[in-house]
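>>> Pasting a predicted model and its sequence here:
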Amino acid sequence: MSKFGELIDLNIPVLLDFYTEWNEASNAMHPVLRDVAAALGDKAKIIKIDVDKNAQLAEALRVKGLPTLMIYKGGEMKWRQNGEQDANTLIGLLQEYI
């Protein structure tokens with residue numbers, strides 16, 4: 001999990017998307033996250049984390065519903081929500097931390 005610490009300890013906002021391939025709502029977020037990444041470029045980072053492959057991390061962060069979205073900056077969680085979000089909402093949230 002030390003690698004996780006490196007991922008979230010950035011001076012730009014980091015959006016984490018906890019998902020699984022078999023979850024419909026998770027799959028619906030893929031194009032939304034592509035739009036967010038395209039809109040913000042290198043001002044923010046988006047990281048997708050497959051819960052099936054990272055069960056220990058998901059458990060440690062108490063990820064229950066999918067998708068679970070989190071925003072970190074400087075190693076500190078700033079925002080967290082379960083369920084789908086639209087691109088404009090996520091862009092707005094991330095811009096608060098840029």
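Structure's in. What do you need? Numbers count the residues shown, from 1 in each chain.
>>> Spatially nearest residue to the residue nearest the centre of the chain, not counting backbone neighbours?
Central residue of the chain (Cα atoms, centre = their mean): L16, 1.7 Å from the mean position. The shortest distance from L16 to any non-neighbouring residue, by Cβ to Cβ, 6 or more residues apart in numbering, is to M70 (4.5 Å). Backbone N, C-alpha and C define where each C-beta goes, glycine included.
>>> Look up the residues forming beta bridges with that neighbour.
Per DSSP bridges, the residues bridged to M70 are L16, R80.
>>> From E6, how far out is the closest residue in space to N82 that isn't next to it in sequence?
Spatial nearest neighbour of N82, excluding adjacent residues (Cβ to Cβ, 6+ apart): G65 at 3.8 Å. From G65 across to E6, the span is 26 Å (Cβ to Cβ, to the nearest Å).
>>> tally of neighbours for the nearest residue to Q95 once chain neighbours are set aside?
Take Q95 and drop its neighbours on the chain: the residue closest to it by Cβ to Cβ, 6+ apart is L40, 7.6 Å away. Neighbour count of L40, defined by other Cβ atoms under 10 Å: 19.
>>> One more: D35?
14.
>>> Just the local confidence number for it, please.
According to the prediction, D35 has pLDDT 98.
>>> Next, give phi and psi for it.
For D35, the backbone dihedrals are phi -60, psi -40 (criterion: degrees, to the nearest 10).
>>> what sits against it?
By Cβ atoms under 8 Å, 6 or more residues apart in numbering, the contact list for D35 reads A87.
>>> ok but the residue nearest to Q95 is inside a strand, no?
No - counting by DSSP: H, G, I helix; E, B strand; the rest coil, L40 is not found in a strand; it is helix.
>>> Next one: it from A58, what distance?
Going from L40 to A58 by Cβ to Cβ gives 25 Å.
>>> and if you look at K43?
27 Å.
>>> Which residues are in contact with Q81?
For Q81, counting by Cβ under 8 Å, 6+ apart, the contacting residues are T68, L69.
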